[in-house]
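got a structure for you, letters missing:
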């Protein structure tokens, strides 16, 4: 089975375990890894034009830092194991963006690390993993 394996990646230890697990699957199955980094944001309804411009620049700066500090090292490490890697950096709701990425016809599966938040915290604040399991258009593996 070939295809793309989307990995929700934020640089954390659990995300690294998910990437390692997905990389093993990609090697075994001849697949490609898509490392997806999503910076969560919430829109503000009342911003001045200057605040909008400043916020836009901050987003660009954050994405550039994420690419350099988080995505590129993960990409190099997976490629060193012989796996082809693509990257995606976006802003938005993490689970929704990962689901959008997974809607591509060649995506076979999503991998994401579990953050270990308490069950109460997950019920109150929601969880990316829980959302993905319910909304994903492809199978979703949650790596502990």
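All right, it came through fine. Note that the structure is predicted; figures quoted are calculated from it, not measured.

ok, how many other residues are close to the residue nearest to residue 70 when sequence neighbours are not counted?
The shortest distance from residue 70 to any non-neighbouring residue, by CB to CB, 6 or more residues apart in numbering, is to residue 11 (4.0 Å). The way it works is simple: take the backbone N, C-alpha and C, and place the C-beta from them, glycine included. Applying other CB atoms under 10 Å, we find 14 other residues in the vicinity of residue 11.

swap in the one 10 residues further on?
Neighbourhood size, residue 21 [other CB under 10 Å]: 17.

ok, it to residue 3 distance?
The spacing between residue 21 and residue 3, counted by CB to CB, to the nearest Å, is 16 Å.

Which residue ranges of the chain form helices?
13-29, 49-66, 72-80, 94-102, 119-125, 128-135 (DSSP state H).

Turn those into CSV, columns for distance to residue 35 and mean pLDDT.
Converted to CSV, the helices of the chain look like this (distance: least, CB to CB, whole Å; pLDDT from 0 to 100):
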stretch, distance to residue 35, mean pLDDT
helix 13-29, 7, 95
helix 49-66, 11, 83
helix 72-80, 5, 95
helix 94-102, 10, 94
helix 119-125, 24, 46
helix 128-135, 15, 86
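
Could you save those as CSV and add columns showing distance to residue 113?
As requested, the helices of the chain are exported to CSV (distance: least, CB to CB, whole Å):
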stretch, distance to residue 113
helix 13-29, 3
helix 49-66, 16
helix 72-80, 12
helix 94-102, 12
helix 119-125, 14
helix 128-135, 8
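
To residue 38, which of those helices lies closest?
Residue 38 sits nearest to helix 94-102 of all those, at 4.5 Å, using CB to CB.

can you give me the angle the closest one makes with helix 128-135?
For helix 94-102 against helix 128-135, the angle by axes from the mean of the first three to the mean of the last three CA atoms, to 10 degrees is 50 degrees.

other SSEs contacting helix 94-102?
Applying 3 or more CB pairs under 8 Å, 6 or more residues apart in numbering; DSSP states H and E, we find helix 94-102 packed against strand 4-8, strand 32-39, strand 107-113, helix 128-135.

what comes up buried for it?
94, 95, 97, 98, 99, 100, 101, 102 (16 or more other CB atoms under 10 Å).

before we move on, back to that, deepest of the helices and strands packed on helix 94-102, which one?
Between the helices and strands packed on helix 94-102, strand 4-8 has the highest mean count of neighbours, a mean of 27, where neighbours are mean count of other CB atoms under 10 Å.
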